[in-house]
Structure formats: structure tokens, C-alpha cells
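Novice: Can you look at this prediction? I've put the sequence above it.
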Amino acid sequence: GWLIPLVSQVFWINPPQVRKPVKLCLFLLRVLGDIVVANLEVAKLILGPASRMRPAFVEVPLKLDDELALTMLASIVSLTPGTVSADLSDDKRTLLIHGLNVDDEAALVRSIQTRYEAPLLEVFACSRT
């Protein structure tokens, strides 16, 4: 997994530096597990009554500022539990999430920030702060 970024790095304008490659690997394993869970949850929702779904748009404020890390975050969020799609605001400070079944918007925001954004901030040198 580490070879592709290393080889393709010459094509990136400003590649982020990976500070903790082991944590990146562990993070990617977490994401893969979350994708499996998301597929099971979506199947359960779709096969059940439509009245159980509570779709919503939720805005997630961001600390990331690297384009690759932002792209990774948006891609991860669109594949993981509770969300259907993600779009980045023009100023790249907010991620707009469309959730298929959102019971608690604040909990979804906290979950995305702690489960996905925080590890990306730790692994890559790419935060505004």
C-alpha cells in the first residue's frame, strides 16, 4: 500500500507528508470495516419500511486543509455508516453530508470529526491550526 503513493508522489503538486504510516494503515483497516458495516446497515434500511428513514443534510466544519486529505475524507464519509454522499464547500472549510438515516445531527458531526478527520490530521501534516 505504501508503494503507490511513493511512486505517484512525483505527479502531485503539494503532496502531504505522512507522519505516521503505521497509524495510516490502522486507519485504513478501520475504514474498510466501517464500509462493510455501512453496506449491511443500508441493506437493512432499504429492505425495511421507508418510514424508518430520516434523511438529512448535515454540515461538518473541517480542520483539514490539504486537498488530498480532504478528498480522502469526503470519499471515506460517502462510503461509511450514516451517509450517502458528501460535498466540499467552495472555501473548503465545510463538508456537506447527506445522511440516509440521521437521528442526531450533532452526533454524526462528532463521529465524522473524531473517527475520520482526527486520524487524517494526525497521519498527515495538513491542518489549519
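Specialist: Here it is on my side, so go on. Computed from a predicted structure; not experimentally measured.

Novice: hey, which helix is longest across the protein?
Specialist: With secondary structure taken from DSSP state H, the chain has its longest helix at helix 21-47.

Novice: how about L96, phi and psi?
Specialist: phi -90, psi 120 (degrees, to the nearest 10).

Novice: Quick check: I76 vs S51, distance?
Specialist: Here I76 is placed at a distance of 29 Å from S51 (Cβ to Cβ, to the nearest Å). C-beta here means a position set from N, CA and C on the backbone, and glycine is covered the same way.

Novice: check which helix or strand covers E59.
Specialist: strand 56-61 (DSSP states H and E).

Novice: In its sheet, which strands sit next to that strand, and in what direction?
Specialist: Sheet pairing of strand 56-61 (DSSP bridges) gives strand 94-99 (antiparallel).

Novice: CA atoms only: put the partner strand into CSV for me.
Specialist: The C-alpha trace of strand 94-99 is given here as CSV (Å, rounded to 0.1, in the frame of the first residue of the first chain):
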residue,chain,number,x,y,z
THR,A,94,-17.2,22.6,5.5
LEU,A,95,-18.3,19.2,4.3
LEU,A,96,-21.9,18.9,3.4
ILE,A,97,-23.2,15.4,4.2
HIS,A,98,-26.4,13.7,3.0
GLY,A,99,-27.3,11.1,5.5
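
Novice: Okay, buried residues for it please.
Specialist: L95, I97, G99 (16 or more other Cβ atoms under 10 Å).

Novice: Going along the chain from that strand, find the next helix or strand for me.
Specialist: helix 105-112.

Novice: so that following helix versus strand 94-99, what angle?
Specialist: With axes from the mean of the first three to the mean of the last three Cα atoms, to 10 degrees applied, the angle from helix 105-112 to strand 94-99 works out at 110 degrees.

Novice: low-confidence ranges in this protein?
Specialist: Along the chain, segments meeting pLDDT under 70 span 1-7, 9-16, 125-129.

Novice: Most distant residue from the centre of it?
Specialist: Distance from the centre of the chain peaks at P49, with 27.7 Å (Cα atoms, centre = their mean).
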